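Peer 1: just the structure for this:
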Amino acid sequence: MNRRSLAARAALSMLALSVVACAADNDADRPSMALTATSPPTGSDAAMPFVAADGERFYLSWTENTGEEGATGRSIHAVRMAWIDHGGEWSTPVTLASSDRFFVNWADFPSVASAGEGRLAAHWLLRSGEGTYDYDIMVSTSTDGGARWSEPRVMHDDGVAAEHGFLSFFPQEEGFGAVWLDGRETVGGHGGGGAMTLRGGLLTWDGTPRDLALLDPHICDCCQTGAALTDEGVVAVYRGRTEGEIRDILAVRMVNGEWSTPATIHDDGWEIPACPVNGPAVAADGRRVATAWFTGAGDIPRVRLAFSSDAGATWEAPLQVDEGAPLGRVDVVLLDDGSALVVWLEATDDDAAVMARRVRPDGSLDAAESLALTRQVRASGFPRMARSGERILLSWTEPAVEQGGAATLRAAWLDVGGAR
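Peer 2: Alright, predicted model coming up:
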């Protein structure tokens with residue numbers, strides 16, 4: 001995607017920024033956020049974190065360069081996971097898989113999910129052919145807190161060497177549901193065949209995929225998905241794509257075991273003839289749902305947030321939460337009072353920062369706060385967080401300063417004043 005200069009982008013966003021700044025000034029006396037660093041047991045070149053939580057633990061997965069070379073001549077990478085209790089110490093890391101055939105990518109990265117009581121799922125990406133984007137989604141489950149894992153299996157059933165990725169898990173009664181981008185119609189690369197599709201399925205407790213379904217036959221090629229469990233079922237969010245190249249954010253719901261027709265959350269009208277590699281995030285609590293996303297509609301970059309009070313069936317008008325020069329790469333959690341906490345990357349005079357803002361249930365905005373410095377490069381990845389009880393764990397990648405250097409994975413407890 002071609003981007004304007006930072007100065008031009010900031011100027012284009014000045015009017016919208018003034019609205020945000022006004023709201024933030026009105027809330028200047030509200031409690032600020034604080035980070036308390038914690039040191040996960042990662043190696044010297046770890047990146048691409050994902051954070052999940054249940055009532056007892058937080059789980060962190062990441063990808064690590066082992067420094068060894070495999071038979072293909074590529075580096076051997078390992079997908080690893082560790083957990084930490086609310087007030088405890090990190091566990092010894094568990095290696096979920098290691099290979100020189102992993103698809104290692106800054107935007108499409110492995111994940112871990114928890115359904116409580118020691119029931120976990122994980123996914124990673126394994127090359128299936130010689131094409132740049134030929135890779136499969138590998139999945140595995142554990143029912144004993146991660147001590148043992150099922151034999152890895154391919155989540156999809158097409159057997160086509162094409163892109164399959166950007167998966168999101170959600171807990172279900174019989175296992176873990178999942179949605180993902182499925183490129184079985186795009187053989188030959190992006191634009192080389194048919195359209196990218198959104199598909200869903202169930203991963204049972206013993207690691208068997210089933211109930212595979214087509215959810216949307218024509219979507220954006222390589223943006224992240226998100227999924228959350230509401231009191232009425234599941235809501236999944238993703239970037240759609242029309243024949244006229246409008247790439248706005250859509251939601252699809254599973255209610256009473258049936259997937260709904262996809263619906264646009266808001267008509268941004270972002271016309272772009274390429275994938276921005278910048279997907280949405282979603283969080284749910286009961287029937288309340290919050291979705292955050294990036295858009296460049298009208299050549300003005302924005303990070304937006306929309307609430308739903310009916311489990312994602314309808315959505316309120318979106319709010320702009322950025323500071324005027326966002327890079328996107330969003331995540332979101334809901335707090336006990338119905339507020340949404342949004343994190344994203346924002347361009348700064350020096351380079352970039354991991355930003356956060358609390359959006360109140362009435363739509364008022366607390367001040368945006370810079371949590372950590374980072375860089376605008378792809379290697380900065382996507383900050384990820386999860387909430388359990390009174391705690392929020394945030395993780396992000398600190399890219400190498402010099403080309404060829406090692407990345408550092410950071411993690412910290414995020415205290416949002418008055419969140420409980």
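
Peer 1: give the bridge partners for R302, please.
Peer 2: Beta-bridge partners for R302, by DSSP bridges, are T295.

Peer 1: same check, this time on L250
Peer 2: Under DSSP bridges, the beta-bridge partners of L250 are Y238, T264.

Peer 1: give the contact list for S39.
Peer 2: Counting by CB atoms under 8 Å, 6 or more residues apart in numbering, S39 touches W90, A411. In this view, the C-beta of every residue, glycine as well, is placed from N, C-alpha and C.

Peer 1: distance of it from A162?
Peer 2: Noted for S39: a distance of 39 Å to A162, by CB to CB, to the nearest Å.

Peer 1: what of M385?
Peer 2: From M385 over to A162 the distance is 31 Å, taken as CB to CB.

Peer 1: T314 now?
Peer 2: T314 is 35 Å from A162, by CB to CB.

Peer 1: the more surrounded of these two?
Peer 2: A162 (25 against 11; other CB atoms under 10 Å).

Peer 1: can you pull the contacts of the closest residue to that one other than its chain neighbours?
Peer 2: Nearest in space to A162, with sequence neighbours left out and distances taken as CB to CB, 6 or more residues apart in numbering, is G183 at 4.1 Å. Going by CB under 8 Å, 6+ apart, G183 touches Y133, V160, A162, E163, H164, M196, T197, D221.

Peer 1: okay if I get these as CSV plus pLDDT?
Peer 2: Shown next, in CSV, are those (pLDDT from 0 to 100):
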residue, pLDDT
Y133, 94
V160, 96
A162, 96
E163, 97
H164, 98
M196, 97
T197, 98
D221, 96
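
Peer 1: and these, which two are furthest apart?
Peer 2: Among the contacts of G183, the pair separated by the greatest distance (CB to CB) is V160 and D221, at 15.5 Å.

Peer 1: between those two, who's got more neighbours?
Peer 2: D221 (22 against 18).

Peer 1: is the more buried one in a helix, a strand, or coil?
Peer 2: Assigned with DSSP: H, G, I helix; E, B strand; the rest coil, D221 falls in the coil class.

Peer 1: against A297, how distant is it?
Peer 2: 18 Å.

Peer 1: can you check E258 too?
Peer 2: From E258 across to A297, the span is 32 Å (CB to CB).

Peer 1: cool, G43 as well?
Peer 2: 41 Å.

Peer 1: neighbour count for those two, which is higher?
Peer 2: A297 (18 against 15).

Peer 1: thought the more buried one was touching W270?
Peer 2: Yes - the pair A297 / W270 is scored as a contact, 4.0 Å apart, by CB atoms under 8 Å.

Peer 1: common neighbours of those two, please.
Peer 2: Any residue near both A297 and W270 by CB under 8 Å, 6+ apart counts here, and that gives D248.

Peer 1: and the residue lying closest to D108 once chain neighbours are set aside, how far from I76?
Peer 2: Leaving aside its sequence neighbours, D108 sits nearest to G165 (CB to CB, 6+ apart; 4.3 Å). Look at G165 and I76: by CB to CB, they are 20 Å apart.

Peer 1: sorry, back to before: of all the contacts of G183, which comes closest to G116?
Peer 2: H164 (27.8 Å).

Peer 1: what helix or strand does the closest one sit in?
Peer 2: Following DSSP states H and E, one finds H164 within strand 164-172.

Peer 1: by contact count, what packs against that strand?
Peer 2: Using 3 or more CB pairs under 8 Å, 6 or more residues apart in numbering; DSSP states H and E, the elements in contact with strand 164-172 are strand 111-114, strand 120-127, strand 135-142, strand 175-182, strand 226-230, strand 233-239.

Peer 1: and the angle for it with strand 226-230?
Peer 2: Interaxial angle of strand 164-172 relative to strand 226-230 (axes from the mean of the first three to the mean of the last three CA atoms, to 10 degrees): 10 degrees.
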